[in-house]
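Q: let's see this in three dimensions:
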Amino acid sequence: MPKINGNEIKPGFILEHDGGLWAAVKVNHVKPGKGGAFAQVELKNLRDGRKLNERFRSEDKVERTELENKDQQFLYETDGRLVFMDAATYEQIEIDAELLGDRRPFLQDGMTATVQYFGDEALNVTLPQKVKCRIVETEPVQKGQTAANSFKPAILDNGVRIMIPPFIGPDEEIIVHTELLEYSERA
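A: Got it, this is the predicted structure:
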């Protein structure tokens, strides 16, 4: 694995640090008036979700790790475990459902998601960026309510509550951005 200098760390890098695998979430490069420059890095542990703030000076060496991405199909959930299948080998793996957090309701049967591996260990699941959902419950459409940036609450078919534009009514299909958990467009 390649070693990089502390000032080369960017958000999204996977680092091997303190005996664990960490994702760089935020990176702030600081040049104080006195002393050497450093990078203030917010790290998130990929195995247990802990967060850590660390300072790396430019002369510090850090192990950068590449994760292997595999597209896998979601089959079903059982006892808080998500079962995915590799389309090429038909091999099935189980991943803890808590890994997805508040994005879990957007995972649909048969959906293809990207699973990130470190060796044989599955560490993260990335859903497609946009998912089609149906509105189950919302306020009725009101004539003349076209003010810019006005939104109303709605409940989706997966139970998630989001804000939608006022012109969308119940039983309509919309596209939801899974990373931001917000309305994107009509389907």
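Q: what values do phi and psi take at the closest residue to Val160 other than its chain neighbours?
A: Leaving aside its chain neighbours, Val160 sits nearest to Pro105 (5.0 Å; criterion: Cβ to Cβ, 6 or more residues apart in numbering). All C-beta spots, glycine's among them, are computed from the backbone N, C-alpha and C. The phi/psi pair for Pro105 (degrees, to the nearest 10) reads phi -60, psi -20.
Q: surely Pro105 meets Asp157?
A: No: Pro105 lies out of contact with Asp157 (Cβ atoms under 8 Å); the separation is 9.4 Å.
Q: could you check the pLDDT of the residue nearest to Val160?
A: You'll see Pro105 listed with a pLDDT of 91.
Q: ok, Ala39 touching Val27?
A: Yes: Ala39 is within contact range of Val27, at 5.7 Å (criterion: Cβ under 8 Å).
Q: who's more crowded, the two?
A: Shown here are Ala39 and Val27; by other Cβ atoms under 10 Å, Ala39 has more neighbours (22 against 18).
Q: tell me how far the residue lying closest to that one once chain neighbours are set aside lies from Leu99.
A: The shortest distance from Ala39 to any non-neighbouring residue, by Cβ to Cβ, 6+ apart, is to Phe56 (4.8 Å). The gap separating Phe56 from Leu99 is 27 Å, by Cβ to Cβ, to the nearest Å.
Q: looking at those two, which is more packed in?
A: It is Phe56, of Phe56 and Leu99, that has more neighbours when counted by other Cβ under 10 Å, with 22 against 16.
Q: hang on, that one in a helix?
A: No: Phe56: not assigned to a helix; according to DSSP: H, G, I helix; E, B strand; the rest coil it is strand.
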